[in-house]
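In: Here is a sequence together with a model predicted from it:
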Amino acid sequence: MSTVFNFTFVPWFRSVAPYIHKFRHQTFVVGLTGEAIAAGKLQSIVQDLAMIQAMGVKIVLVHGFRPQVNEQLRAKGHEARYSHGMRITDPVALDCAQEAAGQLRYEIEAAFSQGLPNTPMAGARVRVISGNFLTARPVGIVDGVDFQHTGLVRKVDAVGIRRALESEAMVLISPFGFSPTGEAFNLAMEEVATRVASEMRADKLLFLSEVPGIRVRPADPEGEDNPIDTELPLAQARQWLARLPPPQQPTDAAFYLQHCVRACEHGVERSHIIPFAVDGSLLLEIYVHDGIGTMVVDEKLEELREATADDVGGILQLIEPFEKDGTLVKRDRTEIERDIANYTIIEHDGVIFGCAALYPYPEAHTAEMAAVTVSPHSQGTGDGEKLLKRIEQRARSQGLESIFVLTTRTMHWFLKRGFAQVDPDWLPEARKRKYNWDRKSQVLVKRL
């Protein structure tokens, strides 16, 4: 029995390792619905969040309390009222919201404080920090409806949240905000999580929701039986939302998707809708390749790819200004067409914004990174870093030990990224024969 377990556990754990490395030091904002807590899922979700934090992820947890507030209202004989998909928060509802928030914060902090032997929380030391991180403003009167104490996020104290995360604490935020005069406002958890993720430039926004995910694209005629889209490009999600009526309740298809789209539009790389009904859904979504919910992706992040013959014209157009000013050595169309398989490009909305080529010298266990170019419109956005990483990956996959560049103007950029200057005599013999001694390019090498 144990041998069988070893044979299944070891490959699985190794398959998870790349995701552990990738997400270490990243920031995730998790929107936890009050429905998940009402369904008795808090304990297992807390255990999973503690494990994710233990693997180096910085977590901001934003909790909701919709059913808990409604329960408090019923106990007081008061009816819950909604309009435009938002709660109308009269003084009684505000009292109920404050009571529910206090109770839930107590329950969540207590759950993170457990450390019983033989449980997933054994040995966990999760420090939870809450605070007045949100400034709010009133919704006001919309179409004749006075929302009273219902508010919208005016400002997020991103600096304060970041300091708390840097102290290795988990940040817990309730959907309450305060005006500069000290007035309290009931906020929507989904809006709070989206604004926090956007202001923090979080790497992920994850909603643990009532819905299993979203199906936007038509079902695969080949017989795909997945009822949801596991990955949804931002542009497609945006188009689909535009055709739907404004969502009124969380079970409406567009309710969580609108927030995922907004987050991606404001710099969050990936936003997820995950079903809390599935045990371990957070772990499945984060550490398994296909995930379990719907992930909205800003497609600009997915445009780093190897070049094809169709890209020759775009590459020529990109590098031409740099050839004219002497930054790059001139390459004609025939040369680029011949070597197109060596090129990696970054494409935004059908336009090539960056390129780099890899020319291997296997006999010397090295390769040249050449024609490194990033459009002036895209400089400072990290495109150069992405190209460098992809070129390094391509070189490693060929079993090479180093890459080198020849440059006359960008030496410091490469030095900051692990390259070291060497004498031109270091170059492989085949490359040394083509070295232009009049140009006096500096040779920089990076060990892989």
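Out: Okay, I see it.
In: Only C-alpha atoms from now on, for both contacts and neighbour counts.
Out: Will do.
In: Surely V297 and R262 touch.
Out: No: using CA atoms under 8 Å, V297 makes no contact with R262, being 11.4 Å away.
In: Looking at those two now, which is surrounded by more residues?
Out: Using other CA atoms under 10 Å as the criterion, V297 and R262 rank with V297 on top: 24 against 18.
In: Which elements pack onto the longest strand belonging to the chain?
Out: The residue-count maximum for a strand in the chain (DSSP state E) belongs to strand 351-361. For strand 351-361, the packing partners by 3 or more CA pairs under 8 Å, 6 or more residues apart in numbering; DSSP states H and E come out as helix 312-324, strand 343-348, strand 366-374, helix 383-397.
In: let's see 7 Å
Out: On a contact count with 3 or more CA pairs under 7 Å, 6 or more residues apart in numbering; DSSP states H and E, strand 351-361 meets strand 343-348, strand 366-374, helix 383-397.
In: mind putting these in CSV, distance to A277, mean neighbour count and mean pLDDT included?
Out: Listed next are those as CSV, based on distance: least, CA to CA, whole Å; neighbours: other CA atoms under 10 Å; pLDDT from 0 to 100:
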stretch, distance to A277, mean neighbour count, mean pLDDT
strand 343-348, 37, 22, 87
strand 366-374, 45, 23, 94
helix 383-397, 37, 18, 90
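In: Which residues outside the longest strand of the chain are in contact with it?
Out: 314-315, 342-347, 366-375, 378, 383, 387, 391 (CA atoms under 7 Å, 6 or more residues apart in numbering).
In: So for F13, which of the helices and strands packed on strand 351-361 sits nearest?
Out: Within the helices and strands packed on strand 351-361, the stretch nearest F13 is helix 383-397; the backing value is 22.5 Å (CA to CA).
In: Okay, now the sheet partners of the helix or strand just after the closest one, with direction.
Out: Later in the chain than helix 383-397, the nearest helix or strand by DSSP states H and E is strand 402-407. Looking at strand 402-407 with DSSP bridges, its partner strands are strand 366-374 (parallel), strand 442-447 (antiparallel).
In: just the angle between strand 402-407 and strand 351-361, please?
Out: Calculated by axes from the mean of the first three to the mean of the last three CA atoms, to 10 degrees, strand 402-407 forms an angle of 120 degrees with strand 351-361.
In: So this protein: which segments form each domain?
Out: According to automatic domain parsing, the chain is divided into the following domains: 2-301, 303-447.
In: Of the ones you listed, which stretch is the most buried?
Out: domain 2-301 (a mean of 18; mean count of other CA atoms under 10 Å).
In: can you put the strands paired with strand 402-407 in TSV and add distance to D252?
Out: Below are the strands paired with strand 402-407 laid out as TSV (distance: least, CA to CA, whole Å):
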stretch	distance to D252
strand 366-374	42
strand 442-447	52
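In: Which of those strands sits closest to S113?
Out: Proximity to S113 (CA to CA) singles out strand 442-447 among the strands paired with strand 402-407, at 45.2 Å.
In: Next, the angle from the closest one to helix 383-397.
Out: Using the same axes, to 10 degrees: strand 442-447 against helix 383-397 is 60 degrees.
In: neighbouring contacts of strand 442-447?
Out: Against strand 442-447 from outside (CA under 7 Å, 6+ apart): 401-408, 418-424.
In: if we can go back for a sec, so which of the helices and strands packed on strand 351-361 is nearest A110?
Out: Going by CA to CA, the one of the helices and strands packed on strand 351-361 nearest A110 is helix 383-397, 42.1 Å.
In: mind checking how far I273 is from F404?
Out: Separation of I273 from F404 (CA to CA, to the nearest Å): 43 Å.
In: Kindly report the same for F28.
Out: Counting by CA to CA - F28 and F404 are separated by 36 Å.
In: low-scoring stretches of this protein, by residue?
Out: 1-7, 115-122, 217-226, 299-302, 348-350, 377-378, 380-381 (pLDDT under 70).
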